[in-house]
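In: I'll drop the sequence and a predicted model, then ask my questions.
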Amino acid sequence: MEVTIHNSILQLIQGDITKTDVDAIVNAANTSLMGGGGVDGAIHRAGGKAILEECMKIRSRQGSCAVGEAVVTTGGNMKCRLVIHTVGPVWNGGVNDEEEKLRNCYKNALRQADLNEVTSVAFPNISTGIYRYPKDLACRIALDEVVKYVLNNESIIKKVVFVCFDEENFALYKSELEKV
């Protein structure tokens with residue numbers, strides 16, 4: 001499924017983000033940038049040691065990556081040229097500015113995409129796994145921030161792909177994209 005907004009295509013697929021044919025994929029990283037479970041672990045495994053080596057250089061330069069921020073590494077062994085690592089918030093009932101932090105993940109990842117001349121980028125469902133962010137709320141935030149960014153910025157991004165690993169997220173995104 002796809003929708004055109006301004007000069008960009010928003011596309012929805014179900015599958016493995018590490019196999020997506022785009023310039024950059026977004027990683028739902030942890031603050032250490034050293035890999036973990038879920039999509040983070042899958043990206044580190046698929047991309048190989050080059051990603052970990054660049055993450056270690058980033059850590060030695062700036063320390064950890066703060067929640068809502070984004071940093072960029074090579075795509076390593078994957079089709080993508082780059083990985084944009086962003087750290088989503090852990091859901092704590094909405095009392096710790098989780099919405100603002102999640103919105104910042106999308107804004108900062110898109111800014112990094114533009115800064116690195118990315119014309120196509122793929123997003124996973126940030127924070128909806130072990131960080132327990134409610135999937136419906138996360139979906140609305142993701143789509144809202146991407147649509148706002150595409151409409152309000154002189155961006156070179158021509159395609160944004162939402163890659164849902166599970167059927168529940170895919171159904172939520174499909175329903176929300178139909179309203180755009």
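Out: Received it, and whenever you're ready, just let me know what you need.

In: Could you pull out the strands in this protein for me?
Out: Using DSSP state E, the strands of the chain run over residues 2-5, 8-14, 24-29, 70-74, 82-87, 120-123, 159-164.

In: average pLDDT for the fourth one?
Out: What strand 70-74 shows for mean pLDDT is 98.

In: Run through the neighbouring helices and strands of that strand.
Out: With contacts taken as 3 or more Cβ pairs under 8 Å, 6 or more residues apart in numbering; DSSP states H and E, strand 70-74 sits against helix 49-62, strand 82-87, helix 98-115. For every residue, glycine as well, the C-beta is placed using N, CA and C.

In: Equivalent analysis for the longest one, please.
Out: For strand 8-14, the packing partners by 3+ Cβ pairs under 8 Å, 6+ apart come out as strand 2-5, helix 135-152, strand 159-164, helix 167-177.

In: To A46, which of the ones you listed lies closest?
Out: strand 159-164 (13.0 Å; Cβ to Cβ).

In: What is that closest one packed up against?
Out: Going by 3+ Cβ pairs under 8 Å, 6+ apart, strand 159-164 lies up against strand 8-14, strand 120-123, helix 135-152, helix 167-177.

In: Give me the mean pLDDT for the longest one.
Out: Going back to what we said before, that points to helix 135-152. Average pLDDT, helix 135-152: 97.

In: Off-centre distance for the helix or strand of the chain with the lowest mean pLDDT?
Out: None of the helices or strands of the chain scores lower by mean pLDDT, DSSP states H and E than strand 2-5, at a mean of 92. Here strand 2-5 is found 18 Å from its chain centre; the criterion is Cα atoms, centre = their mean, to the nearest Å.

In: repeat for stretch 116-133
Out: 2 Å.

In: Straight-line length of it, end to end?
Out: Using Cα to Cα, to the nearest Å, the span of stretch 116-133 from its first residue to its last is 29 Å.

In: on that earlier part again, got TSV for the helices and strands packed on strand 70-74, with mean pLDDT and mean neighbour count too?
Out: Output for the helices and strands packed on strand 70-74, formatted as TSV (pLDDT from 0 to 100; neighbours: other Cβ atoms under 10 Å):
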stretch	mean pLDDT	mean neighbour count
helix 49-62	96	15
strand 82-87	98	26
helix 98-115	98	20
